[in-house]
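[1] here's a sequence, model it:
(one chain, ligands or ions: 1)
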Amino acid sequence: MSRASSAIDQQRLWDRHMAIAQFGATGRGGVNRQALTEEDGQARATLAGWATARGFDLYVDDAANLFVRRNGTEADAPAILSGSHLDTQPAGGNFDGIYGVLSAFEVLEALDDAGIGHKRPIEAVVWTNEEGCRYAPGCTGSMVFSGKHSIDEFLDNTAPDGSVLRDDLARTIAMTPDAQRRAPGIPVAGYIETHIEQGPRLEAAGLTVGAVTGIQGGSSFEVIVTGEEGHAGTVPLKQRRDAFRSAMAMVDALYEETADPEDTVRFTIGRFQAYPGSPNTIPGEVRFTIDFRHPDAAFFAATVKRIGEICQANAGPCGVEVNTRHVGAPADFDETVIASIERIAGELDIPAMRMASGADHDAKLMVPLCPTGMIFVPCAQGISHNEAEMADATDLAAGARVLADALLEMANR
Ligand SMILES: [Zn+2]
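    Numbers count the residues shown, from 1 in each chain. Sure thing, here's the model as predicted:
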């Protein structure tokens, strides 16, 4: 009996990556294919062309999420979904997101080639705007699909170039005219997303597949410290309300709070700006950002609470305002899905380990809807969100083989 995995075509999967890589190619090995741009639309249209040539059904929803469907014998059964995103960062690579879409599509083709049927329908999905760099928020498409938000909430959002989401959605949807329109959020019975790891752990361990246990919690804040501007030469130190100095005390205390001998905490101050920014004026205002992430729900929640308290406690003579931009609790994947990925990798002699995801993914939005999991494959030196992002064709195929057998099992359950 042939397994779905044995029909995975490594060369075809690689060639598809290189074909999609043309859309938004920078000429330096990477791509700039931000969400809902002309290039994003062209990539989707190309996938849609491959799908219709195969005779698969195509659907698109109000958030421009695109679905390639291989029907099952039970036409009305909730579907098994697999996919990721085709949009990239402004200086992005050829694998982040793309791999999840193309490996899911490869599974559909492999099942077709091998003449393997299944009970439930299986759909390869392109989620809209995972990256969130052109339009906020990221994961727009999967958020709308999950029912967490309505697309109406985002339609007036604008990109830095002045484009409006409403118009870009309409234009992008029109670029896949063969796709039938359907309402967001069909019933789903399972979801697996493949993705490059975007970190160095698999490569360092010499392993090919990560059975992802969940996605760590993430939070971001903007801190505004208010002091008083004054002449650098005349105002005595004791009388100053120096916003920079208070901000530094906060930053010191925050680094101390988040010090972690196990190195699991991810804490970043990525932007720090002093105003008015004159060399001989005492800063009257400082704005800085905090990005904090952790996989443990209790520790995550406690530290999120502590961040505001620490800033207040170290404000000194200044005022401080801590604005929460985003708090997303950790999401645990389904144990049966994790275990099946591990077991299938073992059966296929593909070396694997369990690991948590450091980055956010569309899969997180699927957790409340259905049994969900992810498969990671290595990327060279863990580099991602970078034009130098690179993955090995045999690793990509190995992940797709695990995906094929895992999806088929789900689709026959
Ligand atoms: Zn991604």
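[2] return the residues of this protein in contact with the ion.
    Residues of the chain found near the ion (CB under 5 Å from the ion) are 96, 97. All C-beta atoms are positioned from the backbone trio N, CA, C, and that covers glycine.
[3] can you tell me the centre-most residue of the chain?
    Centroid check for the chain by CA atoms, centre = their mean gives residue 361 as the closest residue, at 3.0 Å.
[4] got the domain ranges for this structure?
    4-216+331-412, 217-328 (automatic domain parsing).
[5] looking at the stretch 251-400 of the chain, which residue is nearest the ion?
    Distance from the ion to each residue of the stretch 251-400 of the chain (CB to the ion) is smallest for residue 361, at 6.0 Å.
[6] please enumerate the strands of the stretch 1-150 of the chain.
    All strands of the stretch 1-150 of the chain, identified by DSSP state E, counting those that start in this stretch, fall at 57-60, 66-70, 79-85, 122-127.
[7] same question for the stretch 151-300 of the chain.
    Under DSSP E, counting those that start in this stretch, the stretch 151-300 of the chain gives strands at 180-181, 188-196, 209-215, 217-226, 230-231, 266-268, 272-275, 281-282, 285-294.
[8] sorry, back to before: deepest in the core, which of the domains of the chain is it.
    Comparing these by mean neighbour count (mean count of other CB atoms under 10 Å), domain 4-216+331-412 ranks first with a mean of 20.
[9] end to end on that one, go ahead and measure it.
    From its first residue to its last, domain 4-216+331-412 covers 12 Å (CA to CA, to the nearest Å).
[10] where does the stretch 1-150 of the chain get nearest to the ion, residue-wise?
    Nearest residue of the stretch 1-150 of the chain to the ion, counting by CB to the ion: residue 97, 3.9 Å away.
[11] let me fix that: the stretch 151-300 of the chain
    residue 195 (5.8 Å).
[12] so that residue makes contact with residue 100?
    Yes. With contact defined as CB atoms under 8 Å, residue 195 and residue 100 form a contacting pair (5.2 Å).
[13] between those two, which contacts overlap?
    Shared contacts of residue 195 and residue 100, defined by CB atoms under 8 Å, 6 or more residues apart in numbering, are found at residue 84.
[14] just to revisit the earlier point, list the contacts for the residue of the stretch 1-150 of the chain closest to the ion?
    84, 85, 86, 87, 88, 130, 131, 195.
[15] can you pull the pLDDT of the closest residue to the fourth one other than its chain neighbours?
    By the measure of CB to CB, 6 or more residues apart in numbering, the closest residue to residue 87 outside its immediate chain neighbours is residue 35, 3.9 Å from it. The model reports residue 35 with a pLDDT of 98.
[16] same question for the one 5 residues further on.
    In the prediction, the pLDDT value recorded for residue 40 is 98.
[17] for it, list the residues it contacts.
    Residue 40 touches 23, 24, 33, 34, 86, 87, 172, counting by CB under 8 Å, 6+ apart.
[18] in terms of helices and strands, where is residue 323?
    According to DSSP states H and E, residue 323 maps onto strand 319-328.
[19] so how far is whatever helix or strand comes next after that strand off the chain centroid?
    Sequence-wise, the next helix or strand downstream of strand 319-328 (DSSP H and E) is strand 331-332. How far strand 331-332 lies from its chain's middle: 14 Å, per CA atoms, centre = their mean, to the nearest Å.
[20] strand 331-332 pairs with which strands, and in what direction?
    According to DSSP bridges, strand 331-332 forms sheet pairs with strand 209-215 (antiparallel).
[21] other SSEs contacting the longest helix seen in the chain?
    As assigned by DSSP state H, the longest helix anywhere in the chain is helix 393-412. The contact analysis (3 or more CB pairs under 8 Å, 6 or more residues apart in numbering; DSSP states H and E) places helix 393-412 against helix 10-20, strand 79-85, helix 98-114, strand 188-196, strand 209-215, helix 335-347, strand 372-377.
[22] so that helix versus strand 122-127, what angle?
    For helix 393-412 against strand 122-127, the angle between stretch directions is 120 degrees (axes from the mean of the first three to the mean of the last three CA atoms, to 10 degrees).
[23] average pLDDT for helix 393-412?
    Averaging pLDDT along helix 393-412 gives 98.
[24] picking that back up, from the contacts of residue 97, which is closest to residue 120?
    Nearest to residue 120 out of these is residue 84 (CB to CB; 20.1 Å).
[25] could you report the pLDDT at that closest one?
    Reading off the model, residue 84 has pLDDT 98.
[26] for it, which residues make a bridge with it?
    Residues in beta-bridge contact with residue 84 (DSSP bridges): residue 126.
[27] is it true that it touches residue 194?
    Yes. Between residue 84 and residue 194 there is a contact under CB under 8 Å: 7.2 Å.
[28] list residues touching both of the two?
    Common neighbours of residue 84 and residue 194 (CB under 8 Å, 6+ apart) are 99, 100, 104.
[29] and which of those is nearest to residue 228?
    residue 100 (51.0 Å).
[30] quick one: the residue nearest to residue 191 when sequence neighbours are not counted and residue 55, what's the gap?
    Distances taken as CB to CB, 6+ apart place residue 366 nearest to residue 191, at 4.2 Å, with adjacent residues excluded. Using CB to CB, to the nearest Å, residue 366 is found at 27 Å from residue 55.
[31] please apply the same query to residue 402.
    Here residue 402 is placed at a distance of 26 Å from residue 55 (CB to CB).
[32] and for residue 4?
    For residue 4, the distance to residue 55 - CB to CB - is 18 Å.
[33] same check, this time on residue 350
    30 Å.
[34] just the pLDDT for the residue of the chain positioned farthest from its centre.
    Farthest-out residue of the chain from its mean C-alpha position, per CA atoms, centre = their mean: residue 234, at 50.7 Å. Looking at residue 234, its pLDDT stands at 97.
[35] check residue 148 too.
    Residue-level pLDDT assigned to residue 148 equals 89.
[36] need the pLDDT of the closest residue to it other than its chain neighbours.
    Closest residue to residue 148 apart from its sequence neighbours, by CB to CB, 6+ apart: residue 365 at 6.5 Å. Residue 365 carries a pLDDT value of 95.
[37] give the partner strands of the strand holding residue 323 in its sheet and their orientations.
    strand 217-226 (antiparallel).
[38] roughly how far out does the partner strand sit from the chain middle?
    Centre to centre, stretch against its chain (CA atoms, centre = their mean), the figure for strand 217-226 is 21 Å.
[39] try stretch 378-394
    For stretch 378-394, the distance to the chain centre is 15 Å (CA atoms, centre = their mean).
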